[in-house]
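*Asks:* Quick one, fold the following:
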Amino acid sequence: MRHSADSDIKNRLVEPTPMIAEVMRLMASGVEKDQVAVELSRIFYVDIDLLNAVLRAMDKREQVLQGLKRAALEKRKAQEATLPDRKAAAA
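*Replies:* Reported below is the predicted structural model:
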């Protein structure tokens, strides 16, 4: 049986790389994390286990990035706090 291009047949989203790309595209366009599965399922047949793994990995990545930003900010504040001491010692 042949299907026309206009039919309601969905593509499968079952590979990690395309899944990550679609999740990032949706989240960049303002879709909340808890709505990603709903939006993806409107267009694709979704491997829900893979989607959950991708979302967990993205959460973990975001936590790591926030930790790095926080550490860099604390380091900068510590350097700025010691900056007046350096000027006073040089004078």
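*Asks:* Just want the most central residue of this protein.
*Replies:* With distances taken as C-alpha atoms, centre = their mean, the residue of the chain nearest its centroid is Met58 (4.5 Å).
*Asks:* How about the secondary structure of Ala72?
*Replies:* Under DSSP: H, G, I helix; E, B strand; the rest coil, the three-state class of Ala72 is helix.
*Asks:* Just give me the neighbour total for it.
*Replies:* Other residues within reach of Ala72, judged by other C-beta atoms under 10 Å, total 10. Every C-beta, even on glycine, is put in place using the N, C-alpha and C of the backbone.
*Asks:* what's the pLDDT at it?
*Replies:* For Ala72, the model assigns a pLDDT of 90.
*Asks:* Please name the nearest non-neighbouring residue to the residue nearest to the centre of the chain.
*Replies:* Val23 (6.8 Å; C-beta to C-beta, 6 or more residues apart in numbering).
*Asks:* how close does the one you found get to Leu13?
*Replies:* If you measure Val23 against Leu13 using C-beta to C-beta, to the nearest Å, the figure is 10 Å.
*Asks:* Name all residues that sit in contact with the two at the same time.
*Replies:* Leu40, Leu51 (C-beta atoms under 8 Å, 6 or more residues apart in numbering).
*Asks:* about what we covered before: my understanding was that the residue nearest to the centre of the chain contacts Ala21; is that so?
*Replies:* No: contact status for Met58 versus Ala21: not in contact, 11.9 Å apart, counting by C-beta atoms under 8 Å.
*Asks:* Would you check that Arg31 makes contact with Ala37?
*Replies:* Arg isn't right for residue 31; it's Val. No: the pair Val31 / Ala37 is not scored as a contact, 10.2 Å apart, by C-beta under 8 Å.
*Asks:* Can you find the helix or strand in the chain with the smallest mean pLDDT?
*Replies:* Lowest on mean pLDDT, DSSP states H and E among the helices and strands of the chain sits helix 48-90, with a mean of 84.
*Asks:* list the helices and strands that one packs on?
*Replies:* Identification of packing neighbours for helix 48-90 by 3 or more C-beta pairs under 8 Å, 6 or more residues apart in numbering; DSSP states H and E yields helix 16-28, helix 36-43.
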